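*Asks:* Predicted model and sequence follow; I will ask about them next.
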Amino acid sequence: MTVLGLGGSGHDWASCATDGRRLVAIDEERLVRSKYGLGADLLAGHSRRAVLDALGTSAEAVEHVVACELVPRPFYHSFRRRVTVVNHHLAHAYSAFGASGMTRAAVLVCDNSGSLVTGLKSGPGPREAETISCYTADASGLRLVNRVAGTHAVDASSESAYYQPGETDNSLGHFYRSASLALGLAYSGPKTRYPVSEDGKTMGLAPYGDDRFVDEVAELVTLLPEGGVQISASKVNHLFERLVESGEFEDRAALAYAAQETLERALLHCARDLHRRTGLTDLCIAGGVGLNSVANGRILRETPFERVFVVPAAGDNGISLGCAYYGLHELEGRAPSELPALDTAYLGPDYPAERVDAALAGSGFTVETPDDLPGRVAGLLAEGKIIGWFDGRSEFGPRALGHRSILAAPFPASVRDHLNDNVKHREWFRPYAPIVREDRAADYFDLVQPSPFMLVVARVTRQDAIPAATHVDGTARLQTLNAAQNPKVYELLGRFEALTGCAVLLNTSFNVAGQPIVETPEDAVEAFAGMRLDHLVVGDRLATKP
């Protein structure tokens, strides 16, 4: 039995395949090497083929294909009558609850907009789309308990069958996206009509701002009884453009601060109401807004929920995972407790050692196989070297979690500037994330639960020890790790601490700005050749430039 889940909504195309035990998932962008999968040939479906190949099966052998309503038909056209189309927010909810391993939980889904709930007609014009959806989940499945919807206006001049972001009222996702666009923090590739907001940059900029715009921005978002929100998309766009018309950094940072603070207040409002409705102590989060790790940290600390699980692919790529879970539960009759939960996000295909050797052969690099790779790399890191780290199956989602990472010592503070200016070539204000053994996290961070997917921000309690991995406001979006999740990096952290007395490493994604994270051994070798990295680890090999 094979279930194929397909996700995306104008960008972030992804595929997930499962036989009920194993999960394989990958973003289209990793294979076509175009950020967010923009311009991808969905009929070819590279990610679709990759996940089926990894499971050792074929398209003809797939019993169930599940896609959400925003996935364009070309992505599943070849499967014809085997396709089940499901609600967008429901697929998000399945991705979070299925991956969590929880037996009973509340689920909060928040994004720009999802499936249409009224005005189900073709052609341009306003219609109502879901923006926030709340569920309860248990052994019987998922049930909707509350929904916020807003008018979704699309481009009247477009004949595209692809999802169009448009303007969506009552949407926290659109609210935050509008801030990112006003700040110029968006990606516009040569093959896209609509810019993709890069909201993580806005979140990173926010701590540099002051509260000069908070009151004015907060007036845009009315918090209603019963967990509702009321937002006029057009008013949001106009105000944000006006606030930053000076172009001054101080105004841009202040808008980011105000947007972040207002978003956090609204999400706390929604989460508290969801707890009031359900009385549950566990919360699962999905949807693009779920990638806001600062807000996730506040939900964990300031609401009655005792455990918070955020699915690592919270954006629309994670729809593919949710669709796969939906297929297992709704179409195959698997109990939620029998769904394969995620202990790690390492869901990409495997690459054999022969392919690694072939990628390194002829590269011109000095290649060795150290007897003690963790000890050797720990020594290099202690000397201040920057290491590209490629190992095993790639992470599913936007965060590098120790399989497609760049690693460095988290000190001195100048390491951050070196990485931004000379290695990653990205904005100077963006922070870097720390990675730490789960049992050592309490010595450096004020964290009440593990953070294996780097989706919770916590206060750093030893800023002097890890200045390059501490943001300007004294926080960090950290990853915790136990030995079962990643034995190699777990060992590396221990060896680094033995040499330096510091139990933390700086961990960032293995890519340069504007490019997807590396996926294959060939990608890693090519990226290493073009980046100012000192060494490259590929599996058990250590490569050095001549």
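*Replies:* That came through, no problem.
*Asks:* can you list contacts of stretch 525-542?
*Replies:* Residues outside stretch 525-542 that contact it (C-beta atoms under 8 Å, 6 or more residues apart in numbering): 353, 356, 359-360, 363, 365, 367-370, 373, 376-377, 380, 385-392, 406, 422-423, 510-512, 515, 518, 521, 524, 543-545. Just so you know, the C-beta spots here come from the backbone N, C-alpha and C atoms, and that holds for glycine as well.
*Asks:* Okay, buried residues for that stretch please.
*Replies:* Judged by neighbour count (16 or more other C-beta atoms under 10 Å), stretch 525-542 contains these buried residues: 525, 527-528, 531, 533-539, 541-542.
*Asks:* how about JSON lines for these, with pLDDT and secondary structure added?
*Replies:* Output for these, formatted as JSON lines (pLDDT from 0 to 100; DSSP: H, G, I helix; E, B strand; the rest coil):
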{"residue": "V525", "pLDDT": "97", "secondary structure": "helix"}
{"residue": "A527", "pLDDT": "97", "secondary structure": "helix"}
{"residue": "F528", "pLDDT": "98", "secondary structure": "helix"}
{"residue": "M531", "pLDDT": "97", "secondary structure": "coil"}
{"residue": "L533", "pLDDT": "98", "secondary structure": "coil"}
{"residue": "D534", "pLDDT": "98", "secondary structure": "coil"}
{"residue": "H535", "pLDDT": "98", "secondary structure": "strand"}
{"residue": "L536", "pLDDT": "98", "secondary structure": "strand"}
{"residue": "V537", "pLDDT": "98", "secondary structure": "strand"}
{"residue": "V538", "pLDDT": "97", "secondary structure": "strand"}
{"residue": "G539", "pLDDT": "94", "secondary structure": "coil"}
{"residue": "R541", "pLDDT": "97", "secondary structure": "strand"}
{"residue": "L542", "pLDDT": "98", "secondary structure": "strand"}
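*Asks:* Can you tell me the closest non-neighbouring residue to V308?
*Replies:* Nearest residue to V308, sequence neighbours excluded (C-beta to C-beta, 6 or more residues apart in numbering): L300, at 4.6 Å.
*Asks:* is it fair to say that neighbour lies in a helix?
*Replies:* Yes - under DSSP: H, G, I helix; E, B strand; the rest coil, L300 falls within a helix.
*Asks:* Could you give the separation of stretch 184-203 from the chain centroid?
*Replies:* How far stretch 184-203 lies from its chain's middle: 15 Å, per C-alpha atoms, centre = their mean, to the nearest Å.
*Asks:* circling back: which of the buried residues of stretch 525-542 sits closest to A314?
*Replies:* A527 (25.4 Å; C-beta to C-beta).
*Asks:* what separates the closest one from E302, distance-wise?
*Replies:* According to C-beta to C-beta, to the nearest Å, A527 and E302 sit 40 Å apart.
*Asks:* what do you get for A50?
*Replies:* According to C-beta to C-beta, A50 stands 41 Å off from E302.
*Asks:* before we move on, what about E250?
*Replies:* Taken as C-beta to C-beta, the span from E250 to E302 is 28 Å.
*Asks:* When A50 and E302 are compared, which one has more neighbours?
*Replies:* Legend: neighbour count by other C-beta atoms under 10 Å for A50 and E302, higher for A50 (21 against 12).
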